[in-house]
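>>> sequence plus predicted model, see below.
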Amino acid sequence: MPSTALCLRDVLRLFNWAPLLCTGEGQAYGPVPGAKVFSKAPNLNTTEIKLIVDNLNRPPFMQHLSMVEFDDKAPLELLELVNKVFTSLDKSHEAVDMQKETQEKTEERVCGFLKVLGYPCDFNPNYCRDIVHGEKRTL
């Protein structure tokens with residue numbers, strides 16, 4: 001795999017997600033056995049937020065964000081960033097207009113894709129609602 005190729009594990013690590021098994025060309029086969037499943041978003045420290053921002057500033061995302069700019073993002077802008085990350089993994093997310101998509105459709109698409117990725121969460125209604133509302137701590 002070329003050094004510029006993006007492994008799913010690297011993308012998920014941007015958001016402090018539990019490591020997933022990654023095999024060549026960004027293929028994933030689910031969560032690592034024994035990974036902790038949570039029902040609310042973990043608290044991120046400044047170092048972890050800086051890692052997210054640094055990686056969003058690299059290819060393929062090239063967002064040119066400072067930590068302050070990232071922190072100032074509105075909920076819809078955060079959802080759009082998540083969608084860009086998803087698009088790097090699955091091009092079907094590219095055609096989505098986040099401003100026109102209904103909240104129900106966003107919840108179905110985002111939470112559904114996180115489940116496919118093996119994201120370690122119980123996907124309770126509050127968690128999914130926070131994702132759809134662009135809750136900063138959850139996203």
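Cool, the structure landed. Numbering: from 1, shown residues only.

>>> so who does the closest residue to Gln103 other than its chain neighbours touch?
The shortest distance from Gln103 to any non-neighbouring residue, by CB to CB, 6 or more residues apart in numbering, is to Val132 (4.9 Å). Backbone N, C-alpha and C define where each C-beta goes, glycine included. Residues counted as contacts of Val132 (CB atoms under 8 Å, 6 or more residues apart in numbering) are 79, 103, 106-107, 110.

>>> helices and strands of this structure: which one has the lowest mean pLDDT?
When the helices and strands of the chain are scored by mean pLDDT, DSSP states H and E, strand 20-23 comes last with a mean of 39.

>>> what's the burial count for Asp130?
Using other CB atoms under 10 Å, Asp130 has 18 neighbouring residues.

>>> what do you get for Asn55?
18.

>>> likewise Asp71?
Asp71: 11 neighbours (other CB under 10 Å).

>>> so what's it up against?
Here Asp71 is in contact with Ile49 (CB under 8 Å, 6+ apart).

>>> where's it relative to Gly134, distance?
13 Å (CB to CB, to the nearest Å).

>>> what does Cys121 give?
Relative to Gly134, Cys121 is positioned 17 Å away (CB to CB).
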